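Colleague: 3D model of this:
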Amino acid sequence: MIKVYTYPAHASSKKAIKWLQDNELEYTELKITEDNLFSEDEIIAMLKMVDDVYDLISTHSKTYKKYASRIERMQIKKQLIPFLQKNLEIVNFPIMMNKHQISTGFKEKNVKKFLPKSKRIQLLYQLVKLSEQ
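Modeller: Model (predicted):
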């Protein structure tokens, strides 16, 4: 089962949900708002799966530009997690994850890893067939 953390203000969250529906994948949408924040445990689980804390942060946001030098020095539990909870606009939504993998932001090439192996093979076969024409 795929968990999808979405933020209503991000168009990419809507794109991710549409992509999941179009590909008939089972998912649970968790809408994150100022009234329904990430838990500390959820953020820690995400941090364990990403390569770098900046995978969770939208470095193009105004908030990031304002706090970039401070973010680099933040302690995870005491400062970074509360900062992410209070500044949702800095989070790289949507966040799609299952037990084995995570994807932040929405780029179709990155989320294809959530497709079943048989579907990925089928897509690869179609690409090869197109390239031979």
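
Colleague: how about N92: what's its closest non-neighbour residue?
Modeller: Of all residues beyond its chain neighbours, the one nearest N92 is T104 (4.2 Å), with distances taken as Cβ to Cβ, 6 or more residues apart in numbering. The C-beta positions use only the backbone N, C-alpha and C, and glycine is treated the same way.

Colleague: give me phi/psi at the one you found?
Modeller: Per-residue torsions, T104: phi -120, psi 150 (degrees, to the nearest 10).

Colleague: what's the separation between it and N36?
Modeller: Distance of T104 to N36, given as Cβ to Cβ, to the nearest Å: 19 Å.

Colleague: ok, V50 next?
Modeller: Applying Cβ to Cβ to V50 and N36 gives a distance of 22 Å.

Colleague: and these two? which has more neighbours close in?
Modeller: Each of V50 and N36 has its neighbours counted (other Cβ atoms under 10 Å); V50 has more, 17 against 8.

Colleague: let me see the ranges of the helices in the protein.
Modeller: Assigned by DSSP state H, the chain shows helices spanning 11-22, 40-49, 62-71, 81-86, 108-111, 117-131.

Colleague: what comes up buried for the fourth one?
Modeller: Applying a neighbour-count criterion of 16 or more other Cβ atoms under 10 Å, the buried positions in helix 81-86 are 81, 83-85.
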